[in-house]
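Need coordinates for the following:
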Amino acid sequence: MTANEERVVLIVDDDEANRYVTRLMVERGGFQVREAATGREGLDLVEDRPDLVIVDLHLPDMSGVDLCRQLKTSTRTSAIPVLQVTALYPGSAERADALAAGADGYLARPLDGEQLLATIRALLASRAA
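As a prediction, the model looks like this:
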């Protein structure tokens with residue numbers, strides 16, 4: 001068992017196809033994956049203390065920026081790295097909003113598996129430092 005197999009990544013995305021592709025990439029990196037289709041489900045699952053959360057910016061019940069802000073302002077979840085992703089062309093204002101809300105990273109779809117895993121590992125390493 002590798003160290004990654006003990007790490008849990010929570011993917012919050014309302015698009016089932018995006019969750020599926022992201023899950024495959026993350027699992028290939030040796031991580032366990034939990035999934036949520038809404039911001040509310042994500043907030044419920046984050047109570048299990050995942051090691052990292054991947055959040056789509058556009059969710060049906062709240063924005064990914066709002067979800068990130070809630071995670072980063074709670075003392076229980078503020079230390080969990082949040083990686084924001086979007087399938088839309090990311091404008092600089094959208095990226096700035098995500099980072100201002102406390103996102104630890106930001107990637108645009110289509111996601112590259114190697115870049116995604118490198119980002120996850122870097123965020124987890126910086127958390128451990």
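
secondary structure element for Leu111?
Counting by DSSP states H and E, there is no helix or strand that carries Leu111.

how close does it sit to Arg49?
Distance, Leu111 to Arg49, by Cβ to Cβ, to the nearest Å: 24 Å. (Each C-beta comes from the backbone N, C-alpha and C, glycine too.)

Repeat that for Glu35.
16 Å.

for stretch 62-73, which positions count as buried?
62-65, 67-72 (16 or more other Cβ atoms under 10 Å).

now the residues you listed as JSON lines including secondary structure and distance to Ala128?
Below are the buried residues of stretch 62-73 laid out as JSON lines (DSSP: H, G, I helix; E, B strand; the rest coil; distance: Cβ to Cβ, whole Å):
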{"residue": "Met62", "secondary structure": "coil", "distance to Ala128": "29"}
{"residue": "Ser63", "secondary structure": "strand", "distance to Ala128": "29"}
{"residue": "Gly64", "secondary structure": "helix", "distance to Ala128": "25"}
{"residue": "Val65", "secondary structure": "helix", "distance to Ala128": "26"}
{"residue": "Leu67", "secondary structure": "helix", "distance to Ala128": "24"}
{"residue": "Cys68", "secondary structure": "helix", "distance to Ala128": "21"}
{"residue": "Arg69", "secondary structure": "helix", "distance to Ala128": "24"}
{"residue": "Gln70", "secondary structure": "helix", "distance to Ala128": "24"}
{"residue": "Leu71", "secondary structure": "helix", "distance to Ala128": "18"}
{"residue": "Lys72", "secondary structure": "helix", "distance to Ala128": "18"}
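
Which of these sits closest to Ala96?
The closest of the buried residues of stretch 62-73 to Ala96 turns out to be Val65 (Cβ to Cβ; 10.2 Å).
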